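> Provided below for reference: sequence and predicted model.
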Amino acid sequence: MATSLFNLTAIDRIEAKVNALATAIAELQAGQASLSRQGVKVMAALDDLEAKVAEVKNVEDSVMMLLDTIHQELADAVASGDMNRVQAVVASLESQRQALSDAVARNTDPTAGP
């Protein structure tokens, strides 16, 4: 009788260990699923960030092209010696400066720090 009691106790211990392993596996699977969901969210955030960086790059390129064009127009106007032409370029520069300033103000988060 002692042998069957011992075997039952050993079986109980094995069963407890198997149950503990099953619980641990279930917790790992739940954790893996949670990490997978977080990974999807991180990838979506990364996609958004990449799109915004590309947009900023396009804006930077446009601003550089604008500045190059204005520089050339001003240089050509000065070289011509025609002060009316120089004044027209300066007026155009002021108009474009204001438009750029307004666009930056519209698209800048007022709570963002420097």
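Good, I have the coordinates.
> Okay, now the unreliable bits of this structure?
1-8, 109-110, 112-114 (pLDDT under 70).
> Which parts of it are helices?
In the chain, the segments counted as helices under DSSP state H are 2-80, 83-106.
> Which other helices and strands does the first one contact?
Think helix 2-80. Under the contact criterion of 3 or more CB pairs under 8 Å, 6 or more residues apart in numbering; DSSP states H and E, helix 2-80 touches helix 83-106. C-beta coordinates here come from the backbone N, C-alpha and C atoms, glycine included.
> Over to the last one?
Under the contact definition 3+ CB pairs under 8 Å, 6+ apart, helix 83-106 sits against helix 2-80.
> How far off centre is the helix it packs on?
Averaged C-alpha coordinates place helix 2-80 at 11 Å from its chain's average position (CA atoms, centre = their mean, to the nearest Å).
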